[in-house]
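Engineer: Using only what follows, build the 3D model:
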Amino acid sequence: MLLSKKPFRMGRIAGLLAVLALGSAHAGAAELIQNGGFEADGMMTYAPASWLVNEWGGLGAVAADSAASGLSHASGFAISGPASGNYYGSIDAFTAGAFTLSQSFTTGAVGSASLSFKMFVNDQSADGQPRVAANLDWEAANNAGSEIAYARVDVLKAGADAYATGSDVVKSLYIGGATGPNAHPSFNDFASYSFDLSDVLAAGGTYTLRFALATNVAQMQMGVDDVSLQVTAVPEPDTMAMLFAGLGLLSVVARRRRNTSAV
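Structural biologist: Residues are numbered from 1 along each chain as shown. Model prediction:
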């Protein structure tokens, strides 16, 4: 009679351990980006909730826009609408300058971190070719007689300047030009991007996710939507202790069952 109950008890213990392990893997799951779909304001705005706007060279380039007219809000070029919902983050570089849309976030130590977003980049220059520079300083490019026209997406260190590059960049996710054909009045649809940031955020801390355009050649547009950063926290020490204790108990029960069966 006792032997017939032991498999049940072992199954029950194993089931509880599985639940505990699953809970330890998902208990810390969290979304770190707020208003990633740009829907929070419910209207076009030049100050999207939870996002920081920086404009150097012109005002009114960055907004949460609906593109209801089918045209970019500042320069009036053909543009894609939101990837989903009614609004998206729009950088419409209608003049020479550098423009950023960013959001800071803080996390503890993570076991996993996954960033995803949808983005397009349009380039209205004659040849549509990116002019990638080492930084976002369009004025320095002007003074040097050189051209700059490109987009970038970066994870920055805490407290970094809005236009920082170099050592302030923890990880660059995109550096380049248009994401599709460049001939006006054509425009590019959103493309999906995803990145594993587990190693970058492993120790935790405060960081900034930044989308940027810089140009002194021609007008450019960037659209961003459905931005999400999902992280799973490293299991708490007490949770892991419980898990290991449970595994030890399961091992003891199994050993006793084998010994009883042998008698």
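Engineer: and Ala141, that one's in a helix?
Structural biologist: Yes: Ala141: assigned to a helix according to DSSP: H, G, I helix; E, B strand; the rest coil.
Engineer: For it, give me its contacts.
Structural biologist: By CB atoms under 8 Å, 6 or more residues apart in numbering, the residues touching Ala141 are 133, 147-148, 216. Glycine gets a C-beta too; all of them are placed from N, C-alpha and C.
Engineer: Could you chop this structure up by domain?
Structural biologist: Split into domains by automatic domain parsing, the chain comes to 2-25+237-262, 29-233.
Engineer: Around Thr95, count how many other residues there are.
Structural biologist: Using other CB atoms under 10 Å, Thr95 has 17 neighbouring residues.
Engineer: for Gly166, same thing?
Structural biologist: For Gly166, the neighbour count with other CB under 10 Å is 8.
Engineer: Tell me if I'm right that Gly166 and Asn135 touch.
Structural biologist: Yes: assessed by CB atoms under 8 Å, Gly166 is found in contact with Asn135 at 7.3 Å.
Engineer: and the domains of the chain, which is most packed in?
Structural biologist: domain 29-233 (a mean of 19; mean count of other CB atoms under 10 Å).
Engineer: The domains of the chain: lowest mean pLDDT?
Structural biologist: With a mean of 49, domain 2-25+237-262 has the lowest mean pLDDT of those.
Engineer: all helices in the stretch 151-263 of the chain, in order from the N-terminus.
Structural biologist: 198-201, 237-262 (DSSP state H, counting those that start in this stretch).
Engineer: re the thing from before, which one of the contacts of Ala141 is nearest Thr107?
Structural biologist: Among these, Ala133 lies closest to Thr107 (CB to CB), at 30.8 Å.
Engineer: and that closest one, how far is that from Leu209?
Structural biologist: According to CB to CB, to the nearest Å, Ala133 stands 21 Å off from Leu209.
Engineer: Tell me what Lys157 is bridged to.
Structural biologist: Tyr207 (DSSP bridges).
Engineer: State whether it and Gly166 are indeed in contact, as I suppose.
Structural biologist: No: assessed by CB under 8 Å, Lys157 is found out of contact with Gly166, at 10.5 Å.
Engineer: Which element, helix or strand, includes the residue positioned nearest the centre of the chain?
Structural biologist: The centre of the chain sits closest to Leu115, judged by CA atoms, centre = their mean, with a distance of 3.7 Å. According to DSSP states H and E, Leu115 maps onto strand 110-123.
Engineer: Neighbouring strands - and their directions - for that strand?
Structural biologist: In its sheet, and by DSSP bridges, strand 110-123 pairs with strand 191-196 (antiparallel), strand 220-233 (antiparallel).
Engineer: Centre of the chain to the last one, how far?
Structural biologist: Spelled out, that is strand 220-233. From the chain centre to the centre of strand 220-233 is a distance of 4 Å (CA atoms, centre = their mean, to the nearest Å).
Engineer: Quick check, Gln230 in contact with Ala113.
Structural biologist: Yes: here Gln230 reaches Ala113: they are 7.3 Å apart, a contact under CB under 8 Å.
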